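Participant: need coordinates for the below:
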Amino acid sequence: MEIVFTVLILLLAVAVSGVVARLVPFKIPLPLFQIALGAVLALPLFGLRISFDPELFLLLFIPPLLFTDGWRMPKREFFRLAQPILALALGLVLFTVVGIGYFIHWLIPVISLPTAFALAAVLSPTDAVAVSSITGKGRLPPSMQHVLEGEALMNDASGLVAFKFAILAVLSGSFSPVEAGISFTLISTGGIAVGLIVAWGFGLVRRKIIEWSGDEPGIQVVLLLLIPFSAYIFAEHFGLSGILSAVAAGMLMPYVETAGAESPATRMQSKSMLTMLEFIFNGMSFLLLGLQLPSIVSLAHIDARMAGNVPVWHLFAYIVAITAALIVLRFIWVWINLHLRRFSAAVRGQRAKQRAFDARLIGITALAGVRGAITLAGVMSIPLLLPSGHAFPARDLLIFLATGVIVCSLLCGSFLLPWLLKGLRLDADNVRRRTEEMAARLRVSEAAVRGIEQMQEQLSAQLDTDDLALLTEVSGSLLATYRMRMDAESGSEETHRTANRVKQFERELRLAAVRAERQEVHRLRAEQFINDETFQSLLTQVDLAETWLLGSLSTEH
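Facilitator: I've put the predicted structure just below:
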């Protein structure tokens, strides 16, 4: 029963954190608030204690989060921005492992170089979700947001694989760069292949189930929830990258879903379920980090002895120094990569676009490399003992430093990113996105008009005079609606303005009608005029109509 109460408390804490973080008069990034709430729950007053199993954490939390991120990641932008994404997800990880590894060994000599490399490797994965919580939606330039999301997807795998190799070097006392490179390639490509196979296989199974028994949303959602866990478990079983397997499965899902015969209800329920799981698992991961903080800090004096009998405050100075070094190395790498891309463009005879605020954008990118749940899970998975039976060197100190860097990077991002983003102009990116969306809306409306006209022509041949007049009236009303939408996306400025005003009035009137319908449905049930089944059916239809109207409003703004 204790585990049940603990899970319920954590779920309640996740919900409370989401509400309170919005009610406080000053803005606090949700991850920081959840870490603080977790630390409060671990105090003696509440006494919440959780035995942290990193392997279980990786299995339960990480696959669905990475699967959802892979599903949501814009595929066109991912492949278009593959060069900067891979430069950060692979090149920067190696640069971080080497640079930060030597820096940690120099800063704290009692940490051996292989152990320092292990700590640097586990500090290399970044958390794009935490960055979004800090900056808010739409504050970052879209291209930068896509690069950060792609980097976070890929460097989880590269960082943890590098971490495993570093741990093996500590355990065995030997390391072969050539062998590590070959193993990394096999583990990564194999993990991606497993994820693609699992996603394709589940897509095939789902389509067969729809053919045999119809599209039951509950069954489809359950199968969907199994995909990230299956991809992760199968890949890990064969010694491959479970993280990359979950990412690959998520990235293939939009194409698998398109190839299927899912109903709109199934798609809506699937997306709602994944959104809910993402919120819960992200919140729980930061709550678990907060729950570890009091016990980790309480052992600071032991860690200080491990670090060479230094004063306890030196440990916090080490955390600040390592965090600063991570930001500086990230800044240097992005600066070098940017100038190499410009040099490469110049060699090819292309004129690279010069920007006066490059240093500002590089600074934003450097600070956006905050650390999160992957780092915590990785460092907690350090083995307790060496093969000789001796304790793993400075294990508790490594956990203390990694936890401190996670919190410190979140604090740096929370205070400095909003300041750097203040006044940042996103006009070019926003105009490009609006232009693309307007052109797509115009083509969709044109396709709808063609579809109505073709169906009207087919039906006209089979109808008598009265039905033909009725069909003409209905089709005329629908065609007028779609042509009004087309006018809103094209034409002269005056036509565009008038059409938009018509759309605004129509939407407001429809919303008023839908909300009046909802009130009437509730009144009918209160009067016992309808039973609960009829009530739920009518309410679902009203809710779907309002969701569509509000969705169309948000996409236009």
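Participant: any low-confidence regions in the stretch 351-500 of the chain?
Facilitator: 351-357, 423, 425-434, 437, 488-496, 499 (pLDDT under 70).
Participant: now with 50?
Facilitator: Regions of the stretch 351-500 of the chain meeting the criterion pLDDT under 50 cover residues 354, 356-357.
Participant: give me the number of residues near residue 547?
Facilitator: 12 (other C-beta atoms under 10 Å). From N, CA and C alone the C-beta is placed, and that goes for glycine too.
Participant: who's in contact with residue 241?
Facilitator: 157, 160, 161, 187, 188, 190, 191, 192, 235 (C-beta atoms under 8 Å, 6 or more residues apart in numbering).
Participant: who does whichever strand or helix holds the fourth one touch, helix- and strand-wise?
Facilitator: By that I understand residue 187. Under the criterion of DSSP states H and E, residue 187 resides in helix 177-213. Under the contact criterion of 3 or more C-beta pairs under 8 Å, 6 or more residues apart in numbering; DSSP states H and E, helix 177-213 touches helix 142-172, helix 217-237, helix 242-259.
Participant: dump those helices to CSV, plus mean pLDDT and mean neighbour count.
Facilitator: CSV is the format used below for those (pLDDT from 0 to 100; neighbours: other C-beta atoms under 10 Å):
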stretch, mean pLDDT, mean neighbour count
helix 142-172, 83, 23
helix 217-237, 88, 19
helix 242-259, 82, 24
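Participant: which of these sits closest to residue 205?
Facilitator: helix 217-237 (6.9 Å; C-beta to C-beta).
Participant: what does that closest one rub up against?
Facilitator: 59, 62-64, 66-67, 190-191, 194-195, 198-199, 202, 205-206, 209-210, 213, 241-246, 248-250, 253, 262-263, 265-266, 269-270, 273-274, 277.
Participant: switch to 6 Å and redo it
Facilitator: By C-beta atoms under 6 Å, 6 or more residues apart in numbering, the residues outside helix 217-237 that reach it are 63-64, 67, 191, 194-195, 198, 202, 206, 242, 245-246, 249, 265-266, 269-270, 273.
Participant: how distant is it from the center of its chain?
Facilitator: On the basis of C-alpha atoms, centre = their mean, to the nearest Å, helix 217-237 sits 18 Å off its chain's mean C-alpha point.
Participant: I'd like the contacts of residue 241 written out as a markdown table, with distance to residue 409 added.
Facilitator: Converted to a markdown table, the contacts of residue 241 look like this (distance: C-beta to C-beta, whole Å):
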| residue | distance to residue 409 |
| --- | --- |
| 157 | 20 |
| 160 | 18 |
| 161 | 21 |
| 187 | 27 |
| 188 | 25 |
| 190 | 31 |
| 191 | 27 |
| 192 | 28 |
| 235 | 28 |
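Participant: out of the residues you listed, who's nearest residue 307?
Facilitator: residue 160 (25.1 Å).
Participant: tell me who's in contact with that closest one.
Facilitator: So residue 160 contacts residue 378 (C-beta under 6 Å, 6+ apart).
Participant: let's see it at 8 Å
Facilitator: 121, 122, 125, 241, 243, 374, 378.
Participant: and the residues you listed, which two are furthest apart?
Facilitator: 122 and 241 (15.2 Å).
Participant: tell me which residue of this protein is furthest from the middle?
Facilitator: residue 465 (56.9 Å; C-alpha atoms, centre = their mean).
Participant: and that residue, what does it touch?
Facilitator: Contacts of residue 465 by C-beta under 8 Å, 6+ apart: none found.
Participant: list the buried ones in stretch 329-339?
Facilitator: Within stretch 329-339, the residues that count as buried by 16 or more other C-beta atoms under 10 Å are 329, 330, 331, 333, 334, 335, 337, 338.
Participant: would the second one count as being in a helix?
Facilitator: Yes - under DSSP: H, G, I helix; E, B strand; the rest coil, residue 330 sits within a helix.
Participant: ok, it touching residue 363?
Facilitator: No - the criterion here is C-beta atoms under 8 Å, and residue 330 misses it with residue 363 at 9.9 Å.
Participant: okay, and the common contacts of these two?
Facilitator: Joint contacts of residue 330 and residue 363 (C-beta under 8 Å, 6+ apart) do not exist.
Participant: pull out the buried members of the contacts of helix 217-237.
Facilitator: Buried among the contacts of helix 217-237 by 16+ other C-beta under 10 Å: 63-64, 67, 191, 194-195, 198, 202, 206, 242, 245-246, 249, 266, 269-270, 273.
Participant: the helix holding residue 187 relative to helix 142-172, how many degrees between them?
Facilitator: 120 degrees (axes from the mean of the first three to the mean of the last three C-alpha atoms, to 10 degrees).
Participant: quick one: buried residues of helix 177-213?
Facilitator: Buried residues in helix 177-213 (16+ other C-beta under 10 Å): 180, 183-184, 187-188, 190-192, 194-200, 202-203, 206, 210.
Participant: repeat that for stretch 412-421.
Facilitator: For stretch 412-421, by 16+ other C-beta under 10 Å, it's 412, 413, 414, 416, 417, 420, 421.
Participant: what's stretch 189-208 in contact with?
Facilitator: 157, 220, 223-224, 226-227, 230-231, 234-235, 238, 240-250, 252-253, 256-257, 259-262.
Participant: check stretch 100-111 too.
Facilitator: 112-113, 116-117, 119-121, 123-124, 306-308, 318, 321-322, 325-326, 329, 393-394, 397-398, 401.
Participant: just how off-centre is that stretch within its chain?
Facilitator: On C-alpha atoms, centre = their mean, the centre of stretch 100-111 falls 32 Å from that of its chain.
Participant: buried set for that stretch?
Facilitator: 100, 101, 103, 104, 105, 107, 108, 111.
Participant: picking that back up, wait, which of the helices and strands packed on helix 177-213 is closest to residue 500?
Facilitator: helix 142-172 (23.6 Å).
Participant: that closest one vs helix 242-259, what angle?
Facilitator: Using the same axes, to 10 degrees: helix 142-172 against helix 242-259 is 140 degrees.
Participant: tell me the gap between helix 142-172 and the middle of its chain.
Facilitator: 15 Å.
Participant: with stretch 201-210 instead?
Facilitator: The answer for stretch 201-210 is 26 Å, by C-alpha atoms, centre = their mean.
Participant: before we move on, the earlier item: can you redo the buried residues of stretch 329-339 as a markdown table with distance to residue 480?
Facilitator: Listed next are those as a markdown table, based on distance: C-beta to C-beta, whole Å:
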| residue | distance to residue 480 |
| --- | --- |
| 329 | 60 |
| 330 | 55 |
| 331 | 56 |
| 333 | 56 |
| 334 | 52 |
| 335 | 56 |
| 337 | 53 |
| 338 | 51 |
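Participant: which of those sits closest to residue 12?
Facilitator: residue 330 (36.6 Å).
Participant: so which helix or strand takes in the residue lying closest to the closest one once chain neighbours are set aside?
Facilitator: For residue 330, ignoring the flanking residues on the chain, the nearest one in space by C-beta to C-beta, 6 or more residues apart in numbering is residue 366 at 4.4 Å. Taking DSSP H and E as the definition, residue 366 sits inside helix 358-367.
Participant: so how far is the helix or strand following that helix from its chain's centroid?
Facilitator: Per DSSP H and E, helix 358-367 leads on to helix 373-380 as the next helix or strand towards the C-terminus. Chain-centre distance of helix 373-380: 17 Å, with C-alpha atoms, centre = their mean.
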